[in-house]
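Chemist: Could you look at this predicted model? Sequence included:
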Amino acid sequence: MSPSAAGLLADAVLVLHVGVAIFVVLGLLLVIVGNAFDWRWVNRMAFRVAHLAAVAVVVAEAWLGITCPLTSLEMSLRAAAGAATYGSGFIEHWLGRLLYFEAPPWVFAAAYSAFGFCVLATWWYFPPRRKSERHQAVTRELHA
């Protein structure tokens, strides 16, 4: 693989990684705000399961001390591109600053665990619904 192709792939992995991080953080906010505004899609089972799974992976990685596979892949691609650290390119500079920061591992484990607890609390407070449950509720409302 050419160094320029590896650099482009590393940037693509970073963009994907930032997208996953945004999904994890905004997913919780969308569930809370969406329920306040009666957005039915925020309680769809597929969305909620995908969000819970993403959060569970982040929490497990923090507790087990595992480096995220996307981080490992990106760094491997950057090494193949001949970049030992983040270069001065726009994408890796700004998106990298959003995603990576320094703190002791226990800080991440505690923060991710607290966030995971909040996500689990929304499952209790705003339970997800299967499509059939929603259909039954609408049918009951129409016939009431």
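Modeler: Cool, the structure landed.

Chemist: quick one: the residue most central in space within the chain and residue 9, what's the gap?
Modeler: By Cα atoms, centre = their mean, the chain has its centre lying nearest to residue 24, at 2.9 Å. From residue 24 across to residue 9, the span is 23 Å (Cβ to Cβ, to the nearest Å). To be clear about C-beta, it is placed using only N, CA and C from the backbone, and glycine gets the same treatment.

Chemist: mind listing what's buried in whichever strand or helix holds residue 28?
Modeler: Here residue 28, judged by DSSP states H and E, is contained in helix 3-36. Buried residues in helix 3-36, counted by 16 or more other Cβ atoms under 10 Å: 6-7, 9-11, 13-14, 17-18, 20-21, 23-24, 27-28, 30-31, 34.

Chemist: Show me what secondary structure element comes after that helix.
Modeler: Using DSSP H and E, the helix or strand that follows helix 3-36 in sequence is helix 45-64.

Chemist: next helix or strand past that following helix?
Modeler: That would be, after helix 45-64 and using DSSP H and E, helix 69-80.

Chemist: before we move on, the earlier item: what packs against the helix holding residue 28?
Modeler: helix 45-64, helix 69-80, helix 90-99, helix 105-125 (3 or more Cβ pairs under 8 Å, 6 or more residues apart in numbering; DSSP states H and E).

Chemist: can you redo the ones you listed as JSON lines with distance to residue 2, mean neighbour count and mean pLDDT?
Modeler: Output for the helices and strands packed on helix 3-36, formatted as JSON lines (distance: least, Cβ to Cβ, whole Å; neighbours: other Cβ atoms under 10 Å; pLDDT from 0 to 100):
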{"stretch": "helix 45-64", "distance to residue 2": "31", "mean neighbour count": "16", "mean pLDDT": "95"}
{"stretch": "helix 69-80", "distance to residue 2": "9", "mean neighbour count": "17", "mean pLDDT": "88"}
{"stretch": "helix 90-99", "distance to residue 2": "17", "mean neighbour count": "15", "mean pLDDT": "62"}
{"stretch": "helix 105-125", "distance to residue 2": "35", "mean neighbour count": "14", "mean pLDDT": "90"}
